[in-house]
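Novice: the following comprises the amino acid sequence and a computationally predicted model.
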Amino acid sequence: MKLSIIDKDILLTLNEFGYSNQRKLMDQSGYSIGSVNKSIGILTEEKMLDSSVKLTKKAKDYIKKASPVNAIILAAGYGMRMVPINTETPKGLLTVDGIPLIEKTIEYLHEVGITDITMVVGFMMEAYDYLVDKYDVKMVYNNDYAVKNNLHSLALAADRIDRTYIVPCDIWSEENPFSKTEAYSWYMVSDILDEDSWIRVNRKSELVRVVPEGKRDDLTKIGNRMIGISYVCNGEAEQLRENLAKLEADPMYDDKFWEEAAFKKDRMFLNAKVVSHSKTTEINTYEQLRELDSESRNLENDAIGVAAKELGVKQSDIKNITVLKKGMTNRSFLFSVGEDKYIMRIPGEGTSQLIDRDMEADVYAAIEGKGVCDDNVYLNPKNGYKITKFIDNSRNCDPLDQNDLDICMKKLRGFHDMKLKVPHTFDIFAHIDYYESLWNGAPSVYRDYEDTKKNVLSLHEYINTQKVEMVLTHIDAVPDNFMIVEKNGETTIQLIDWEYAGMQDRYVDLAMFSIYSLYDKNQIDNLIDTYFAVGGEKTDESIRTRIYAYISMCGLLWSNWCEYKRGLGVDFGEYSLRQYRYAKDFYKLFMERK
């Protein structure tokens, strides 16, 4: 007879506390008197218990073969939802009651005799190095942490999965969640529901997907909050190792969580272990940390401190902190103070080498009060921190919607026609060379890069022959930076994010809009025609040719930029390749029209 989960739990309870009477066993195990009586009968029949309800050698051997011998802690990720804390501290080193989360986890493991501990590290890996000496942990390095999720991290340590606790690094637990003895494989979830979870406990106490794979954007169905601690033993350990190897080889799973490997169709082959949210939880956000420990030293974050000071409030008044989508250059988070909402920008990896913040400040001074965008609440040229009011009732421009193109190009042309001035120029050719210099001598990933670069640089001579009127140009005038605001029946446009802006030919902005939108030639021609049409003009074909040249130049510019960011572990996939194709394809189109 196959033992049920209840039978195994009763066996573990008897192993820990012994037997005095059925009612006490009921209290210790948490099961009803009927379940207790039934399990005692089954365990006795299976010769796991003797007539005195004591464990037999068979039972002790059964538990020993299933009990833990090691642990793997996953600590490689950015912890993006921990913005702004993760700009200073990796999430495993956040402190609660003065103790880093990861140290508390290790100490809990040591309490139950687990000293064979492997950590998979990546982001800020150097910060974890002291644990090798303090706790004799083993380190596995995930150098792809920026482009792959923790399925890849666990796959790197898959050969160590055998009677193993798998633990996220950002777990807080009031009590030790580990045990010296286990009898089966399990995955821990909370008793509260979470709209971000895609796992729920069904009526059979199985873990199933909230919705079928590929349809998880349906948030009308929510699951149990995923804590992520799990225990894997026996056949499930072997199955997990096999699945990890299979999924790791498939690029489609690069951005997936390791839990995908614990599924057979839409059911997890690990049993559900449901615990109280008040006892064990994963800390994902600044506010979750603040709720647990309002005195945590990690709450004294520089960005939060700046926001509180500039807005004239206490740090505790800053609420509803939500990470926004990670941008190509920055990390930003949304927060509220009373009824007002704000966005704070924090520069991303390598940004200081890409953007001159003093020049950015000059641009904001030039556009202040011009109705181009809302004025900043705060801008620090030294570190790039910026606070702006949140634009409510707004959306980004849809580059595939002609109505959006009409109103956004009208806004862009109106800005260009102001002919504003700043003391610096955005030199495309100089930036192409500069971004390449940031590769530190590494070769391009493109075999024909030198030929492509030679062709693009040859366009310099052509540009110098053109009668170009230099005006303040946005440079990053892409659809995401046009905010369409609809309020009280009126539609207005704000052009945001001026980091790259400088003096340049206005038509560079059309080239940038086109290549960011991944437009084909017909769409690009339509954009150019739209820009001229909103000014009541017919397209100047010589300018169309010039814009083709700019598209080639800007394609190589951002391709080089992407190669630099790749070296920092940030990969933009198709976007990067398409920029390189623009450099080549529109050089050819330009030459055909020249």
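Specialist: Thanks, I have it.
Novice: could you use CA atoms for every contact and neighbour count after this?
Specialist: Fine.
Novice: can you give me the strands in the stretch 351-500 of the chain?
Specialist: 378-379, 386-389, 394-396, 470-473, 482-487, 490-495 (DSSP state E, counting those that start in this stretch).
Novice: so which of those is nearest Leu527?
Specialist: strand 482-487 (14.7 Å; CA to CA).
Novice: pull out the buried positions in the closest one.
Specialist: Residues 482-485 are the ones in strand 482-487 that count as buried (16 or more other CA atoms under 10 Å).
Novice: so what's Ile343 closest to, chain neighbours aside?
Specialist: Leu334 (4.6 Å; CA to CA, 6 or more residues apart in numbering).
Novice: doesn't the one you found fall inside a strand?
Specialist: Yes. The assignment for Leu334 (DSSP: H, G, I helix; E, B strand; the rest coil) places it in a strand.
Novice: that one touches Ile318, doesn't it?
Specialist: No. Assessed by CA atoms under 8 Å, Leu334 is found out of contact with Ile318, at 10.1 Å.
Novice: please identify the deepest-packed of the strands of the stretch 351-500 of the chain.
Specialist: Per-stretch averages of neighbours, counted by mean count of other CA atoms under 10 Å, single out strand 470-473 among the strands of the stretch 351-500 of the chain, with a mean of 22.
Novice: who does that one pair up with?
Specialist: strand 502-505 (antiparallel) (DSSP bridges).
Novice: okay, now the residue nearest to Glu174 when sequence neighbours are not counted: neighbour count?
Specialist: Nearest residue to Glu174, sequence neighbours excluded (CA to CA, 6+ apart): Lys279, at 5.1 Å. Residue neighbour count, defined by other CA atoms under 10 Å, stands at 13 for Lys279.
Novice: identify the residues contacting Lys279.
Specialist: 173-175 (CA atoms under 8 Å, 6 or more residues apart in numbering).
Novice: one more: Thr13?
Specialist: 25, 28-29.
Novice: ok, 10 Å please
Specialist: By CA atoms under 10 Å, 6 or more residues apart in numbering, the residues touching Thr13 are 7, 19, 25-26, 28-30.
Novice: buried set for whatever helix or strand it lives in?
Specialist: Using DSSP states H and E, Thr13 sits in helix 5-17. If you call a residue buried by 16+ other CA under 10 Å, then helix 5-17 has these buried ones: 5, 7-15.
Novice: so what are the sheet partners of the helix or strand harbouring Arg331 and their directions?
Specialist: Taking DSSP H and E as the definition, Arg331 sits inside strand 330-337. Here strand 330-337 has these sheet partners by DSSP bridges: strand 319-323 (antiparallel), strand 340-347 (antiparallel).
Novice: closest one to Ala76 among these?
Specialist: strand 319-323 (18.9 Å).
Novice: what is the helix or strand encompassing Glu238 packed up against?
Specialist: In the assignment (DSSP H and E), Glu238 maps to helix 234-248. Using 3 or more CA pairs under 10 Å, 6 or more residues apart in numbering; DSSP states H and E as the contact test, the elements touching helix 234-248 are helix 150-156, strand 223-232, strand 263-264.
Novice: and if we set it to 7 Å?
Specialist: When contacts are defined as 3 or more CA pairs under 7 Å, 6 or more residues apart in numbering; DSSP states H and E, helix 234-248 packs onto helix 150-156.
Novice: list the contacts of the helix it packs on.
Specialist: 74, 120, 142, 244-245, 248, 254, 256-258 (CA atoms under 7 Å, 6 or more residues apart in numbering).
Novice: which SSE is Thr281 in?
Specialist: Assessed by DSSP H and E, Thr281 sits inside strand 280-282.
Novice: who does that strand pair up with?
Specialist: strand 171-173 (antiparallel).
Novice: after the partner strand, which helix or strand is next?
Specialist: As assigned by DSSP H and E, the chain's next helix or strand after strand 171-173 is strand 186-194.
Novice: and that next one, how far from the chain's centre?
Specialist: Computed by CA atoms, centre = their mean, to the nearest Å, the chain-centroid distance of strand 186-194 equals 22 Å.
Novice: again with stretch 360-374
Specialist: The answer for stretch 360-374 is 31 Å, by CA atoms, centre = their mean.
Novice: give me the buried positions along that stretch.
Specialist: 360-364, 367, 372-374.
Novice: and for stretch 176-190?
Specialist: 176-178, 181-190.
Novice: same list (the strands of the stretch 351-500 of the chain) but as TSV, adding distance to Val570 and mean pLDDT.
Specialist: What follows is the strands of the stretch 351-500 of the chain, written out as TSV (distance: least, CA to CA, whole Å; pLDDT from 0 to 100):
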stretch	distance to Val570	mean pLDDT
strand 378-379	26	80
strand 386-389	22	84
strand 394-396	24	89
strand 470-473	27	97
strand 482-487	24	89
strand 490-495	26	90
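Novice: dump those into JSON lines; add distance to Ala157 as well.
Specialist: JSON lines is the format used below for the strands of the stretch 351-500 of the chain (distance: least, CA to CA, whole Å):
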{"stretch": "strand 378-379", "distance to Ala157": "44"}
{"stretch": "strand 386-389", "distance to Ala157": "40"}
{"stretch": "strand 394-396", "distance to Ala157": "42"}
{"stretch": "strand 470-473", "distance to Ala157": "50"}
{"stretch": "strand 482-487", "distance to Ala157": "45"}
{"stretch": "strand 490-495", "distance to Ala157": "47"}
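Novice: among those, which is nearest Leu510?
Specialist: strand 470-473 (10.3 Å).
Novice: which residues sit against the closest one?
Specialist: For strand 470-473, the external contacting residues (CA under 7 Å, 6+ apart) are 416, 419-422, 501-506, 509.
Novice: how about 8 Å then?
Specialist: 416, 419-422, 501-506, 508-509.
Novice: just the buried ones from these, in PyMOL syntax?
Specialist: PyMOL command restricting these to the buried ones, with burial defined by 16+ other CA under 10 Å:
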select buried, resi 416+420+421+422+501+502+503+504+505+506+508+509
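Novice: which one of the contacts of strand 470-473 is nearest to Thr164?
Specialist: For the contacts of strand 470-473, the nearest to Thr164 is Ala501 (53.0 Å; CA to CA).
Novice: any idea how far that closest one is from Lys421?
Specialist: From Ala501 across to Lys421, the span is 11 Å (CA to CA, to the nearest Å).
Novice: what's the answer for Val456, then?
Specialist: 28 Å.
Novice: the residue in the chain sticking out farthest from the centre is in what secondary structure piece?
Specialist: In the chain, the residue that sits farthest from the middle, by CA atoms, centre = their mean, is Ser51; the gap is 56.3 Å. When elements are assigned from DSSP H and E, Ser51 belongs to no helix and no strand.
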